[in-house]
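J.: whatever this is, show me its structure:
(one chain, ligands or ions: 3)
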Amino acid sequence: MTQTLTIRRPDDWHLHLRDGAVLRAVLPETARHFGRAIIMPNLVPPVVTATDAEGYRDRIMAALPDGADFRPLMTLYLTEDTDPADVAAASESGLISAVKLYPAGATTNSASGVRDFDKVQGVLEKMAEIGLPLCVHGEVTDAEIDIFDREAVFIDRILDPLRTRVPELKVVMEHITTSNGVDYAKSQPEGSIGATITTHHLIIDRNHILVGGIKPHYYCLPVAKRAAHRDALIKAATSGDPRFFLGTDSAPHTDPNKESACGCAGIFTATNTMSCLAAVFEQAGAMDRLEGFASLNGPAFYGLPANDATITLTKGDAVSYPDKIDTEDGPITVFDPGFPLHWRVS
Ligand SMILES: NC(=O)N[C@@H](CC(=O)O)C(=O)O
Ligand SMILES: [Zn+2]
Ligand SMILES: [Zn+2]
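T.: Residues are numbered from 1 along each chain as shown. Ligands and ions are numbered 1, 2, ... in the order given. Model (predicted):
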C-alpha cells in the first residue's frame, strides 16, 4: 500500500538565498516545494534599509524560475543606526515581514550587528507598536562563554531582559538548538513568541560533526548540541505546540569555503528538507503534525493565511537527491541526513 500525505504548501521561516550566482542556483531548490520564505538579510553588505530590501527583493524575483509559486518575505538587518521611521514605512507598505537581530560577531556576516541594546530601544518600541516581529540569532559572543553554552546564556542575559524591556514585541527565537530554547519558548505566551527549528538540528547532534573525522558539512551556528537537546527539539517540533515552526536556515556556502582550515558555518538543506522532515515526523509517530510545523504555525504567528496550494508526500523506494548543487561560484553540498529517505514530494 502506498502511503501519501497531502498538506498545505509549506513555508520556510528562515532562509539564506545569498545573491548573484548562488541566489540563481539555490532559489529553485526552495521555490520547488515552498510557498514563501523569510529571507535573511546577512548579505555583504547587509540589507539594512527599505531601499536595500526592495533591491534585493527585485533580484530574487528576477532569479525565480518561470511559473514558480513563491514569494520572498523580506527582512531588514538591525544595526545601531537603524531608523525606526524607515522600518515602520517598510512594514506599512508590505515590503518587509520582520527585522533580524544579530549580536555583533555571532555568525556569518554579522559584523554590523548590535552591541549596545540601548541604541536600538527606539526601533524595538516602534516594532512592538506596529506588530512587526523581531527575529533573533540567539547566541552571546563573549569569548569566555563556551560555544556550546552560548544559546542558553543568551536567553538568560539578553533575551529575557529584552522581553522585559519591550514586553509587547513579537520575537522569533531563530534556529533553537537546546532544551533551554524549547523551555523558554514554552514559558512565554502563545502569539508573543515563536521559535524556528531547522531540519538539520532535528537530525544531527554534535557527534555527527566530530566523530570519525571532522565533517565540515555538519558545521553550522548555533552548533549542534548533545543528542538530548536534539531529542528535545524533535519533541517540540512534533508536539503540535504552535510556538514551534520550520525555519530551515538553509545556508549555502561553496565547498571550498566549507572544506577549509577555517570553514564557514552553514548547512544547505533546501533541496531535501521535506523528505528529511517526513522521516523525522514518521519516526516520531507524528506524521499528522508535520503540516502544523511546516505549513500552519508559521503563518499563524506572522499573521498571514496558510497557503491555499497543497503538496503531496509519497512514501516509496529510496529517493535520491544530488550530492551537490552546481553554481557558477562552485559546488554547494546538499545536507546528508545519514539515512535513506523514502518520502518524496510528488
Ligand atoms: N546558520 C549558519 O551556520 N550560518 C548562517 C548564519 C546564521 O543563520 O546564523 C549563514 O548565513 O551562513
Ligand atoms: Zn543565525
Ligand atoms: Zn540563518
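J.: neighbours around the single nearest residue of the stretch 51-200 of the chain relative to ligand 2, how many?
T.: Across the stretch 51-200 of the chain, no residue is closer to ligand 2 than His137, which sits at 3.6 Å (Cβ to the ion). Just so you know, the C-beta spots here come from the backbone N, C-alpha and C atoms, and that holds for glycine as well. Other residues near His137 come to 24 when the count uses other Cβ atoms under 10 Å.
J.: how about the residue lying closest to it once chain neighbours are set aside, what does it touch?
T.: Residue nearest to His137 in three dimensions, not counting chain neighbours: Tyr102, with 4.9 Å by Cβ to Cβ, 6 or more residues apart in numbering. With contact set as Cβ atoms under 8 Å, 6 or more residues apart in numbering, Tyr102 has these partners: Asn42, Tyr77, Leu78, Ser110, Ser112, Gly113, Val114, His137.
J.: the residue of the stretch 51-200 of the chain closest to ligand 2 against Gly105, yeah?
T.: No - His137 is not in contact with Gly105 according to Cβ atoms under 8 Å; the separation is 10.7 Å.
J.: check the gap between Val48 and Ala279 for me.
T.: According to Cβ to Cβ, to the nearest Å, Val48 and Ala279 sit 39 Å apart.
J.: hang on, I meant Ala227
T.: Applying Cβ to Cβ to Ala227 and Ala279 gives a distance of 17 Å.
J.: more neighbours: which of these two?
T.: In this comparison of Ala227 against Ala279, neighbours counted by other Cβ under 10 Å, the higher total goes to Ala279 at 20 against 13.
J.: what helix or strand is that one on?
T.: Assigned by DSSP states H and E, Ala279 belongs to helix 273-283.
J.: next one: Lys126
T.: Secondary structure here is read from DSSP H and E; on that basis Lys126 sits in helix 121-130.
J.: ligand 1 contacts on this structure?
T.: Taking Cβ under 6 Å from any ligand atom as the criterion, the neighbours of ligand 1 within the chain are His16, Asn42, Thr107, Thr108, His137, Cys220, Leu221, Asp249, Ala251, Ala265, Gly266.
J.: now stretch 136-150: buried residues?
T.: Along stretch 136-150, the positions that meet the burial threshold by neighbour count (16 or more other Cβ atoms under 10 Å) are Val136, His137, Gly138, Glu139, Val140, Thr141, Phe148, Arg150.
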